[in-house]
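Q: the amino acid sequence is not available; the structure is as follows:
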């Protein structure tokens, strides 16, 4: 069947390109995806596919096959980024000032709607039901809770998503098991000292000196307390204190991000960050209050599901497109799905220098090689069909 899936998907390549360009020209920020959601709903109505709106703009559509006792959830994110696009040569360049699709989400939506078209050809052969999940606000860490609530009543066997990736050659596919994207924790450290005139530093407790020492001391945690074979990163992106050059302020604020690919490392580094910050501050007679907020969860591909996706990709496209690809330290909240259901995120390469599609994600000149959109649609469909045939009806079988 997968051979026909690839052929049917290719027949909708033009449809997906046109759809993607429409969205690219009219990007919308997180929690503002009204137009994009409306476009998705209109396309689903044209296909007579029932759906519900979840949250403000999320959409969950249902395509029933021969039974409903096993379900596969397929996800695409919809939001754009607060970036001014610099692809003026494109006739579908963003028309919204300061906003652009710089992460490929327009392609993600186009591929999933293309997959919906393909599923319509195969409903009588589907041994299960698919849920098409169009998620709002991924870039801001939102949108997953509403969709997971909508999925909860159903026997979901697996969750699957595709991320178009600009660091991978166009048409190559990575579906390997294990950590694929890092967990993201956002932290803030408020250092409280004693303010005074800069001419009399002995009368105060300088929070800038304390904050600087915290940055230096914390920076050693990855190198000296984490297994060097584990990917992890701890970065400070903000240090703000004071307003005048001749005044020692009473506070300094640090903020940064902690990225980990191992849950034990994540817990250890959270505790170590607090320990080192507070002990460093105490050394200088200051106080450090540390707050840590969870961002994107760790994205970990299930081994069996990854093996199934690899087999599916080979059946669809042959073995040549499959490549290994190292874990990424960026974060993506599809990991929220994978904490509930076994599944995976696949990476589909869109890098093509001859087309100018060679800039990194979140870059003003980011673009994709659209020729691979049919592959994404086929992979969505092929993976779901393989799950129905292989994973079976019992949740414990996954």
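A: Good, I have the coordinates. Just so it is clear, the model here is predicted, and its values are computed rather than measured. Numbering: from 1, shown residues only.
Q: excluding its backbone neighbours, what's nearest residue 240?
A: In space, and not counting its chain neighbours, residue 240 is closest to residue 253: 5.0 Å by C-beta to C-beta, 6 or more residues apart in numbering. Every residue, glycine included, has its C-beta placed from N, CA and C.
Q: report the contact partners of that neighbour.
A: 188-191, 211, 238-241 (C-beta atoms under 8 Å, 6 or more residues apart in numbering).
Q: please repeat the previous calculation with a cut-off of 10 Å.
A: Applying C-beta atoms under 10 Å, 6 or more residues apart in numbering, we find residue 253 in contact with 188-191, 207, 211, 238-241.
Q: check residue 132 too.
A: So residue 132 contacts 40, 44, 49, 51, 59-63, 73-76, 112-113, 115-116, 119, 380, 384 (C-beta under 10 Å, 6+ apart).
Q: these in helices, which ones?
A: 40, 44, 112-113, 115-116, 119, 380, 384 (DSSP state H).
Q: quick one: which two of those are the most distant?
A: Pairwise distances across those (C-beta to C-beta) peak at 18.4 Å, for the pair 40 and 384.
Q: mind pulling up the pLDDT for residue 124?
A: Confidence at residue 124, expressed as pLDDT, is 87.
Q: from residue 66, how far off is it?
A: Distance of residue 124 to residue 66, given as C-beta to C-beta, to the nearest Å: 7 Å.
Q: try residue 388
A: With C-beta to C-beta as the criterion, residue 388 and residue 66 are 9 Å apart.
Q: and these two? which has more neighbours close in?
A: For residue 388 versus residue 66, the count of surrounding residues by other C-beta atoms under 10 Å is larger for residue 388: 24 against 13.
Q: I figured that one hits residue 127, correct?
A: Yes: with contact defined as C-beta atoms under 10 Å, residue 388 counts as touching residue 127 (4.1 Å).
Q: can you give me the strands in the stretch 201-350 of the chain?
A: 232-240, 247-248, 251-260, 287-294, 299-301, 343-351 (DSSP state E, counting those that start in this stretch).
Q: let me have these in a markdown table, extended by distance to residue 33.
A: What follows is these, written out as a markdown table (distance: least, C-beta to C-beta, whole Å):
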| stretch | distance to residue 33 |
| --- | --- |
| strand 232-240 | 27 |
| strand 247-248 | 45 |
| strand 251-260 | 25 |
| strand 287-294 | 23 |
| strand 299-301 | 22 |
| strand 343-351 | 20 |
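Q: can I get these in CSV with mean pLDDT?
A: Converted to CSV, the strands of the stretch 201-350 of the chain look like this (pLDDT from 0 to 100):
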stretch, mean pLDDT
strand 232-240, 97
strand 247-248, 98
strand 251-260, 97
strand 287-294, 96
strand 299-301, 96
strand 343-351, 98
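Q: out of these, which comes closest to residue 279?
A: Nearest of the strands of the stretch 201-350 of the chain to residue 279, taken as C-beta to C-beta: strand 287-294 at 8.7 Å.
Q: what lines up beside that closest one in the sheet?
A: According to DSSP bridges, strand 287-294 forms sheet pairs with strand 183-192 (antiparallel).
Q: average pLDDT for the strand it pairs with?
A: Mean predicted lDDT for strand 183-192 stands at 96.
Q: OK, contacts around the nearest residue to residue 285 once chain neighbours are set aside?
A: Nearest non-adjacent residue to residue 285, counting by C-beta to C-beta, 6+ apart: residue 205, 5.3 Å away. By C-beta under 10 Å, 6+ apart, the residues touching residue 205 are 191-196, 248, 250, 281, 284-287.
Q: any idea how far residue 205 is from residue 277?
A: Counting by C-beta to C-beta, the gap from residue 205 to residue 277 is 15 Å.
Q: contacting residues for residue 90?
A: Counting by C-beta under 10 Å, 6+ apart, the residues that residue 90 touches are 21, 24-25, 356, 367.
Q: A strand includes it, no?
A: No: read with DSSP: H, G, I helix; E, B strand; the rest coil, residue 90 is coil and lies in no strand.
Q: what backbone torsions are found at it?
A: The phi and psi values for residue 90, taken as degrees, to the nearest 10, are phi -80, psi 130.
Q: for the closest residue to residue 85 other than its chain neighbours, give its distance to residue 333.
A: Excluding the flanking residues, the one nearest residue 85 by C-beta to C-beta, 6+ apart is residue 100, at 3.7 Å. Taking C-beta to C-beta as the measure, residue 100 falls 20 Å from residue 333.
Q: then residue 273?
A: 22 Å.
Q: next up, the contacts around the residue nearest to residue 367 when sequence neighbours are not counted.
A: The shortest distance from residue 367 to any non-neighbouring residue, by C-beta to C-beta, 6+ apart, is to residue 357 (4.8 Å). Residues near residue 357 by C-beta under 10 Å, 6+ apart: 164, 166, 170, 349-351, 365-371.
Q: sounds good, over and out.
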